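[1] Next one to model:
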Amino acid sequence: MTAQLGQIVTLETSLTGFNQSLDGVPILLSATGGATFVGNSQCKVDSSTDPNHYCIYQIKLPSTAPANNTVTVTAAVVGNPATYQTWNTPTVTITTQPNSVPGTITLQSMGTNTPIGMSSPIWAVLQDSSGGGDTVVTLSASNANISINPGISVTTGAYQTLSCTLNSSNPVCGFGVKGVMAGNATISATSSPSSYTIQPLSFSVNAPLSTSRVIKFANANSQSVWVGITGGTSISYETSALVSTIDPARSGPNKMCGPSNPAGACPTGSTCQQGGATPIASTTYFCYWDQPVPSNGYEIQAGSTTIPPPPATTSISISDSSYDPMADIIWSGNFYPREGCTLSPGTNELICTIANCGNSVSGQACAPGTGGAPAVATLPEVTLQQNSTDYYDISIIGGANVMTTFGPDSSAGPVPAPSGYMCGTAGAGSAQGGLLAADWSMATHIKDPLTVGGSTAYSFSAQTAPTPATAYYRFVSTESPRQNPGCTSSSACTTSGFVCGYDINAIDNGNSSDYTTSCGSHLAWLSANGIWALNANSTNNAPFHFQGSYNDGAGNPIQLNQLFACTAPTVSGYSSPIADPSLACGCTNWGDGALASTTGDAAFSAQIATPSTSCTANNTVAGSSYNWSAYVLPSIAWLKKSCPTCYTYPFDDMSSTFQCSNQASSSSGTNSVPYVITFNGHIPGQ
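    The predicted structure is shown next:
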């Protein structure tokens, strides 16, 4: 290739000719002639993040001519030779010159088809260029049924909905195209300056592939619930080779796109858009999986626990066309039971007491990337995969409002027999495959004693209030004026049915949160983790050990609130061994009495949900009590007793994550497990 002196060129390497998964194989580039690397000269190829096994590098050429006007770049696999096979060492020769090299601009796509109603990725790529300055490329569609970047509504700098800026340092721009009617279409591109001839990109808009997945929602509640749906984020890619863009803020693939990462385009079935109920121009753009619309609407009428009649139902369907081929994900996201909902007359927005997630344009749906607020609702979560096992769970990390089960729906398709966490049901009310039943009796277990036969509630030992109380874990309605402010017991409440707890102004009013209890209708159960997350700063004066600290093994101060939230530098205790056990955020075998009493595990009278990986070695810090067990465990143990198969803290994977696949028996040859989520009634407050 030919390139201008002093300019940056982009090179790509890949590994081929192997038949095994590659886990972090390092490829090192070296250069002659005075060329230097922009960023790292070494990158690790990892099958888990890039099955195409690509690495991208940028090289800055010397400003003065090297010997023979050439720069030679060599790629080599480095590391332990016993670990990796013998690879070749390819080279590329770059001929330098004083003048700029314009290169060419092409439009690329993953294929010649795009499904109706789904955004599919395309890229504008500047190839073999160096020098020459910026070129603005603007796209246009051949007919009004095609939209370009349908999720982008604001402009940022030179990046707009239909255009982007290319140069030698940033040679790729990603877009999304979406068709609403079947037919043929063409995307054309022009450049400014107009020195490039860009061939148009032709494709067909076709009906999506047959439905692969169905998730049914059933309501056995005595009241209506509304289904909240939030699509998760997918990885963004640059070029049709599906090389994942890199997030500079952390290791691993990038999920940003559009103005936040112009090179990135989103896989089919996801859309580049801003998240949150009230995004502004500077709000980050991510690739969000599209939110499917329930077949019978978002409201599920009050059902019955007796058959007949069956619980009222609605369902969502996700097409095979929705797919990230690199991550093997069809769709990921979470769901939650919204309660106390009414339609706003002006905007038709669904306003809910629990799990509010819309905005003025979303109607009954949740806004993209927006979870239920406040985040106290029971939270089923799922990642659907085409050629591997699905992952699903129920999280009560932030709290819980409705008794919920989540598992395969054997009435809707072939499902393997359940075996513990393989194809079992999270939140089930009966024991299954060695897993204990969930009774969802928060009001009972929050008062369970520290020791069998004792009188002091284990949950109280996590509190710093002069009078520890169950009230600090209840979320109640807002009354005006507040009734019995400062209460610590529901016996102080004079209105029938009211309980003592926190209203929304007490815990979810930013720096003005006053953490004053009062009497109101019980809405949900809170967790200490959830209370911290609603106001994660020094003004959070809830009666827990949020503002305390301790020193890790190296003498560095660690805030106790980092243990409640499991934020860096804390790590999962199930990774054995870990260098500093004091940084283990959660390492409990849930009732294993053989562990030392400092871990808190011995406080349980029975083994709860035995993790698949033991963490005994990391569960005790020599010479001191284990801070997570002393301060955090008491605040979540009652949640785990109420639902042994639910997530109660971020690293509770070992006793909370379920997997399932029917690929071996599926007629399509891919995983097609159907699921059912059942809402079984509001959780009582006492």
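
[2] hey, let's count contacts and neighbours off CA atoms from now on
    Noted.

[3] Helix or strand: which one has Tyr196?
    Taking DSSP states H and E as the criterion, no element holds Tyr196; it sits outside all helices and strands.

[4] neighbours around it, how many?
    By other C-alpha atoms under 10 Å, 17 other residues sit near Tyr196.

[5] quick one: Leu633 from Val376, how far?
    For Leu633, the distance to Val376 under the criterion C-alpha to C-alpha, to the nearest Å works out to 19 Å.

[6] nope, Thr197 is what I meant
    Plainly put, Thr197 is 55 Å away from Val376 if you go by C-alpha to C-alpha.

[7] Specify which residue of the two has the higher count of neighbours.
    Neighbour comparison, Thr197 and Val376: the larger count goes to Val376, with 25 against 12 (by other C-alpha under 10 Å).

[8] okay, now the closest residue to the more buried one other than its chain neighbours: neighbour count?
    If the residues on either side of it in the chain are set aside, Val376 comes closest to Gly399, at 4.4 Å by C-alpha to C-alpha, 6 or more residues apart in numbering. Other residues within reach of Gly399, judged by other C-alpha under 10 Å, total 27.

[9] Just read off the phi/psi values of Gly399.
    With angles defined as degrees, to the nearest 10, Gly399 shows backbone torsions of phi 140, psi -170.

[10] could you list every residue that touches it?
    375-378, 524-527, 530 (C-alpha atoms under 8 Å, 6 or more residues apart in numbering).

[11] how about a cut-off of 7 Å?
    By C-alpha atoms under 7 Å, 6 or more residues apart in numbering, Gly399 lies in contact with 376-378, 525-527, 530.

[12] Just the closest of those to Ser665, please.
    Distances from the contacts of Gly399 to Ser665 were compared by C-alpha to C-alpha; the smallest belongs to Thr378, at 32.3 Å.

[13] Could you list everything the residue nearest to that closest one when sequence neighbours are not counted pairs with in the sheet?
    The shortest distance from Thr378 to any non-neighbouring residue, by C-alpha to C-alpha, 6+ apart, is to Ala400 (4.3 Å). In this structure, Ala400 bridges to Trp525 when assessed by DSSP bridges.

[14] gap between Leu107 and Gln199?
    7 Å.

[15] returning to what we had before: export the contacts of Gly399 to a markdown table and tack on distance to Gln463?
    Supplementary listing: the contacts of Gly399 in a markdown table, determined by distance: C-alpha to C-alpha, whole Å:
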| residue | distance to Gln463 |
| --- | --- |
| Val376 | 19 |
| Ala377 | 23 |
| Thr378 | 23 |
| Trp525 | 16 |
| Leu526 | 14 |
| Ser527 | 12 |
| Gly530 | 15 |
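
[16] quick revisit: quick check: the residue nearest to Thr378 vs His682, distance?
    Remark: distance between Ala400 and His682 (C-alpha to C-alpha) = 9 Å.

[17] what about these two, which has more around it?
    Set side by side, Ala400 and His682 show unequal neighbour counts under other C-alpha under 10 Å, the larger going to Ala400 at 27 against 22.

[18] I'd assumed Ser388 was in contact with Cys660.
    No. Cys660 is beyond contact range of Ser388, at 8.7 Å (criterion: C-alpha atoms under 7 Å).

[19] returning to what we had before: hang on, isn't the residue nearest to Thr378 packed against Ala375?
    No. Between Ala400 and Ala375 no contact is recorded; they are 9.0 Å apart, counting by C-alpha under 7 Å.

[20] From Asp134, how far out is the residue nearest to Thr64 when sequence neighbours are not counted?
    Computed as C-alpha to C-alpha, 6+ apart, the closest residue to Thr64 that is not its neighbour in sequence is Leu5, at 6.6 Å. Separation of Leu5 from Asp134 (C-alpha to C-alpha) stands at 17 Å.

[21] Could you pull out the strands in the stretch 451-600 of the chain for me?
    474-476, 499-502, 517-520, 522-526, 549-551, 557-559 (DSSP state E, counting those that start in this stretch).

[22] Within the sheet, what are the partner strands of the fifth one, with directions?
    In the sheet, strand 549-551 lines up against strand 557-559 (antiparallel) (DSSP bridges).

[23] what's the strand it pairs with in contact with?
    By C-alpha under 7 Å, 6+ apart, strand 557-559 touches 547-552.

[24] what's the answer for stretch 200-218, then?
    Applying C-alpha under 7 Å, 6+ apart, the contact partners of stretch 200-218 are 107, 112-116, 179, 181-189, 311-321, 672-679.

[25] just stretch 441-449 next, same as before
    The contact list for stretch 441-449, computed with C-alpha under 7 Å, 6+ apart, reads 455-459, 470, 638-639, 641-642, 685-686.

[26] how about those, which pair is most distant?
    Pairwise distances across those (C-alpha to C-alpha) peak at 20.6 Å, for the pair Ser455 and Gly685.

[27] Those two: who's more crowded?
    Gly685 (25 against 11).

[28] unless I'm mixing things up, that one is touching Ser521, no?
    No. Under the criterion of C-alpha under 7 Å, Gly685 makes no contact with Ser521, lying 8.6 Å away.

[29] hey, which helix is longest across this structure?
    If you go by DSSP state H, the chain has its longest helix at helix 633-642.

[30] Next, the angle from it to strand 522-526.
    Compare the direction of helix 633-642 with that of strand 522-526 by axes from the mean of the first three to the mean of the last three C-alpha atoms, to 10 degrees and you get 120 degrees.

[31] as a whole number, average confidence for the helix or strand just after helix 633-642?
    Toward the C-terminal end, the helix or strand that comes next after helix 633-642 (DSSP H and E) is strand 658-660. Computed over strand 658-660, the mean pLDDT rounds to 97.

[32] And stretch 510-519, by the same measure?
    The average of the pLDDT scores along stretch 510-519 is 97.

[33] export it as PDB, just CAs?
    This file holds the C-alpha atoms of stretch 510-519, laid out as PDB (Å, rounded to 0.1, in the frame of the first residue of the first chain):
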ATOM      1  CA  GLY A 510     -31.700  13.100  45.300                       C
ATOM      2  CA  ASN A 511     -29.800  15.200  47.800                       C
ATOM      3  CA  SER A 512     -33.200  16.200  49.300                       C
ATOM      4  CA  SER A 513     -34.000  12.700  50.400                       C
ATOM      5  CA  ASP A 514     -34.600  13.000  54.100                       C
ATOM      6  CA  TYR A 515     -34.800   9.300  55.100                       C
ATOM      7  CA  THR A 516     -37.700   9.900  57.400                       C
ATOM      8  CA  THR A 517     -40.100   7.000  57.900                       C
ATOM      9  CA  SER A 518     -43.900   7.500  57.800                       C
ATOM     10  CA  CYS A 519     -47.100   5.500  57.500                       C
END
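
[34] Pull out the buried positions in that stretch.
    Within stretch 510-519, the residues that qualify as buried by neighbour count (16 or more other C-alpha atoms under 10 Å) are 513-519.

[35] ok, of those, which one's closest to Thr10?
    For Thr10, the nearest member of the buried residues of stretch 510-519 is Ser513. The distance, counting by C-alpha to C-alpha, is 50.8 Å.

[36] Now do the contacts for that closest one.
    Residues in contact with Ser513 (C-alpha under 7 Å, 6+ apart) are 505-507.

[37] likewise Asp320?
    For Asp320, the residues meeting the contact criterion (C-alpha under 7 Å, 6+ apart) are 209-212, 330.

[38] Need phi/psi at it.
    phi -60, psi -20.

[39] which regions of the stretch 251-400 of the chain lie under the pLDDT threshold?
    Filtered on pLDDT under 70, the stretch 251-400 of the chain yields the residue ranges 251-253, 303-311.

[40] which stretches of it form strands?
    Taking DSSP E, counting those that start in this stretch as the criterion, the stretch 251-400 of the chain carries its strands at 270-274, 285-289, 299-300, 312-319, 329-343, 350-354, 379-385, 390-395, 399-400.

[41] Can you say which of those is packed in most?
    Comparing these on average neighbours per residue, with mean count of other C-alpha atoms under 10 Å, the densest one is strand 270-274 at a mean of 30.

[42] Summarise which helices and strands it is packed against.
    Helices and strands touching strand 270-274, by 3 or more C-alpha pairs under 7 Å, 6 or more residues apart in numbering; DSSP states H and E, are strand 285-289.
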